[in-house]
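Asker: any chance you can model this:
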Amino acid sequence: MSQESTSTAAPNTTGTSSKNSCLFLDFLISVPPKERQRMLQKPSCCFFIYRMLPPIAQQVTIQLIWKGSFPKADDLEVTKSIEDQVKLLEDLGIVSKQANGKYLIDNDYKRSYMYAAMLGAASISSLVLETNDEKRRGKEVEKKAVERWDCILRYLALPSEENTQAVSETTRNLFKKANFTSGDSRIEITTSGFQFLLLSPVKQMWTYVIEYLKLEMSQGQDIVEVIEPLIQIVLLANRGFKAEKECYQIDPSWSIPQQELLNHLRELGVIFIRKRKDGVFFLTHLLTHLATNETIDDTSAERVSNGKVIVETNFRVYAYTSSLLQLAIIALFTEMTYRFQDMSVGMITRESVRGALQHGITAAQIISFLRANAHPQCIATSGAINCLPITVADQIRLWEDERRRMDLKDAYIYSHFESEDEFQGVCDYAQERGILLWANAQQKLVIVNEEGHEYVRQWYKRSKGGETST
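Answerer: Below is the predicted model:
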């Protein structure tokens, strides 16, 4: 009997469905209850948590605050949605179920939310608007902010010594801990890193911030002390601020972790600090990404207003950009054919998409990226959804479905049996053990799973030695 290792294919009978959830709320659930309760006592945190809740959860919260209960729905589907949102509120510690089956709102949350609702986001942020004209000279704030964020993405997409020096050690440790990069002397992007690059800007920013908060927690930092100033700054993004015009004082009483947070937000580009000695920081429009729930459809708040990509129905892609970062991302799922100074041309093919899928990139991520970076003219002509031709989107999904038809598993093939009895003995033993994947009596072939190979090998030794197999 001879053997060889191989991979067998089996039909994929299990569907893969992922439910979108808010990264910030998921992180909040993972925070220890004691620290989470401290957040519920702070008006700014409560107000921000409310904004990040799904609409149904917001309605349930308001009903419990003002009426002490919420109405039951007649429709079963709506009832299930309400139950899911109530479960979310329970996990967050906002509501609790009593012995009589009624739900009560947390007193700390109720008190903090009502206080915040009366004052408004600007007041509860408690940050002081700077009025010194000499310090309000934040020239090219937006340009410098985008450059800082691009440095981080470039480091991930095109690891090099130059790009490594452009980011902080915290960013490098964060990407490594999040499994976006691997290696010490030679940094390489991982499958998760590729997926991160294809996310919309809002999801990218939130993913980065959540990984930073996790890193702070792993280092033993007081997470409430770090989250509170973060939320206070983010709340200012909803005031229709004007970059280069408004700046806020850096609170000298902030602790070291809070000062480090400010420096990190500066590296992200969501704020701009001209000089540390000025004692002020400017807000940038990248901050609006953190003021948005990342579960919102990619066709609305997550859209990049200055998109550069045009996709035609013949699968040809035109990228009106000279950015090496953007071109590197597009090349992940496109065969680039022409490169000019400010425009590149490529084709979306079956091979290029399958190559991206093998790196762990999904069809939904490719479609989301193309829509989020669609040229404004495409959006104006065809709308937020059809800016990417439906035929192209459907074909990308079909190419992904092709790979879902089979699941590959490592296995061992046994052949060239010395006798019929030996073949039948291996078949019977493998079937009894539950390790048999396939057998053919005519060709005298037996395939067992990877875990079962050792059992068959031991059985074969015993049978050759004259022992009775069990």
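Asker: C-alpha from now on. contacts and neighbour counts both.
Answerer: Will do.
Asker: excluding chain neighbours, what is closest to Gln195?
Answerer: Spatial nearest neighbour of Gln195, excluding adjacent residues (CA to CA, 6 or more residues apart in numbering): Ile361 at 5.5 Å.
Asker: hang on, the one you found packs against Phe194?
Answerer: Yes. Using CA atoms under 8 Å, Ile361 is in contact with Phe194, at 6.9 Å.
Asker: re the thing from before, and the residue nearest to Gln195, how far from Arg405?
Answerer: Distance of Ile361 to Arg405, given as CA to CA, to the nearest Å: 17 Å.
Asker: who has more neighbours out of the two?
Answerer: The residue with more neighbours, out of Ile361 and Arg405, is Ile361; 24 against 12, by other CA atoms under 10 Å.
Asker: surely that one is within a strand?
Answerer: No. Counting by DSSP: H, G, I helix; E, B strand; the rest coil, Ile361 is not part of a strand but coil.
Asker: ok now do it, which residues does it touch?
Answerer: Thr191, Phe194, Gln195 (CA atoms under 8 Å, 6 or more residues apart in numbering).
Asker: counting neighbours, which of the residues you listed comes out on top?
Answerer: Result: Phe194 is most packed of the contacts of Ile361 (other CA under 10 Å), 20 neighbours.
Asker: could you give the average pLDDT over the helix or strand hosting that residue?
Answerer: In this assignment (DSSP states H and E), Phe194 forms part of helix 191-197. Across helix 191-197, the average pLDDT comes to 85.
Asker: domain ranges for this structure?
Answerer: For the chain, automatic domain parsing gives the domain ranges 41-124, 133-290, 309-403, 410-464.
Asker: would you convert those into TSV that also reports distance to Lys34?
Answerer: Shown next, in TSV, are these (distance: least, CA to CA, whole Å):
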stretch	distance to Lys34
domain 41-124	10
domain 133-290	10
domain 309-403	37
domain 410-464	45
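Asker: find the residue at the geometric middle of this protein.
Answerer: Thr207 (5.4 Å; CA atoms, centre = their mean).
Asker: for that residue, helix, strand, or coil?
Answerer: At Thr207 the chain is in helix, as set by three-state DSSP.
Asker: quick check: it touching Leu23?
Answerer: Yes. Thr207 is within contact range of Leu23, at 7.1 Å (criterion: CA under 8 Å).
Asker: ok, Val167 - contacts?
Answerer: For Val167, the contact set (CA under 8 Å, 6+ apart) comprises Cys151, Ile152, Tyr155, Glu267.
Asker: top of those residues by neighbour count?
Answerer: Among these, the one with the most neighbours (other CA under 10 Å) is Tyr155, at 25 neighbours.
Asker: residues in contact with that residue?
Answerer: When contacts are counted by CA under 8 Å, 6+ apart, Tyr155 touches Asn163, Thr164, Ala166, Val167.
Asker: am I right that the last one is in a helix?
Answerer: Right, the one you point to is Val167. No. Membership of Val167 in a helix is not supported by three-state DSSP, which gives coil.
Asker: now do the phi/psi pair for it.
Answerer: phi -120, psi 160 (degrees, to the nearest 10).
Asker: tell me the spacing between it and Gln377.
Answerer: From Val167 to Gln377 the distance is 34 Å (CA to CA).
Asker: could you do the third one as well?
Answerer: Computed as CA to CA, the Ala166 to Gln377 distance reads 34 Å.
Asker: what does the first one give?
Answerer: Note on Asn163: its distance to Gln377, by CA to CA, is 33 Å.
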